[in-house]
Structure formats: C-alpha cells, structure tokens
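Peer 1: starting from these lines, generate the structure:
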Amino acid sequence: MKKELVRGLTCLAFLLALGLAGAAQAQGDGGKDWNRLGDTMEGALGLHYGKLGGNGLSFRYPLRWYLYVQAAGGIWHSEEDQKHNLGFQINYILRQDSQARLYLAAGLGYFYHREKVGTGENGQDLWSKSKDWNTGAGVGVEYLLGTRVALQGELDFVHEGDDGDVKVAPQVGIHYYW
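Peer 2: Numbering: from 1, shown residues only. So this is what the prediction gives:
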C-alpha cells in the first residue's frame, strides 16, 4: 500500500511540475487558450481517477473538435491484493471558451479486485474476487491551467455493477495536451 501511494504521489508531482512549466510558458507566448490558431492540442496523456472512466494512466484523443474519447486504466499489485481496471469514456463539448470546457460524458468501466482473505485448513491461500462493470453519464468541466496542462472534474450518475445501485460519483483528472 505504501509503495502504491508513493508511486501515485510521484506521478502526480511530475504532472504538477509539467503544469507549472506550462503556466510559466503561458506568460511568454500570449497565454492559455483552447482556441488558438495553429496549435490544435489534439491528444493528451495524464492521470484519471473515477468509477466510470477508470483509475490510472489516461489517454485522450479527439474524434472531432467537439468529441473526445478517453481510455484510462491501471494495475496495482501486492502479494495479498491485486487490482486491475480499464475505463472508456466519450466527451461531447457543449461550450468552450479560452480556458474552460463544459462537456457531457458517457462511459464504461471494468474493475477487478482479488484479495487474500486468509489461509485454509491445508495451508492453501483463500482469495476473495470481485468483477464489476460500471456504466453511466454525467457532466464535466475541464480547465486549462497553462498552455498545455488541463485539470478535469466531473459529476456522473454511475450504475455500479456489483450491487446495481445508481450513485452520483465524482471523477478527476489532469492531462498534458500535445
């Protein structure tokens, strides 16, 4: 658990450093603007966390200027705990100004968790497994921090596959656009 936390914080620190570098660059080239000519900022790489779009490394790519697809996922393993997840999401931009985007999101996420719960009578390990498919939709905002780094926040209605409940769940992400 400590190794996972350290890895996650290291990745976050790296992306924040990229954001600060982008903000410093923004002061020299006219500032941050989604709509600047000659720089389409098409794809993005970053970190994402949510019950719908996946947890971990994320990749975003435009299908059209107003329609983005995103895939995110991660693998976390220790001797007694194994987690995998993969999420796919599509974002439809409703409104975009120079620094912010308002969008609708719909997605599908697969989450797998296997955890050691004890040892049996014959010394064999006992494991608990869960596999969940989450689906849902919601609304989000993406804010351009520098010339290339954006912070994402969403509120989604998520149908959780493990118990069938529909819950409101937040999602967050930070992305570097190229």
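
Peer 1: who does the most centrally placed residue in the chain form a beta bridge with?
Peer 2: Closest to where the C-alpha atoms of the chain average out (C-alpha atoms, centre = their mean) is residue 48, at 1.8 Å. Taking DSSP bridges as the rule, residue 48 bridges to residue 56, residue 173.

Peer 1: how far away is it from residue 150?
Peer 2: 12 Å (C-beta to C-beta, to the nearest Å). Just so you know, the C-beta spots here come from the backbone N, C-alpha and C atoms, and that holds for glycine as well.

Peer 1: got it, and residue 157?
Peer 2: Distance, residue 157 to residue 150, using C-beta to C-beta: 23 Å.

Peer 1: who's more crowded, the two?
Peer 2: Legend: neighbour count by other C-beta atoms under 10 Å for residue 157 and residue 150, higher for residue 150 (25 against 14).

Peer 1: thought residue 51 was touching residue 168?
Peer 2: No - using C-beta atoms under 8 Å, residue 51 makes no contact with residue 168, being 10.3 Å away.

Peer 1: now the common contact residues for these two.
Peer 2: Common neighbours of residue 51 and residue 168, counting by C-beta atoms under 8 Å, 6 or more residues apart in numbering, are 156, 158.
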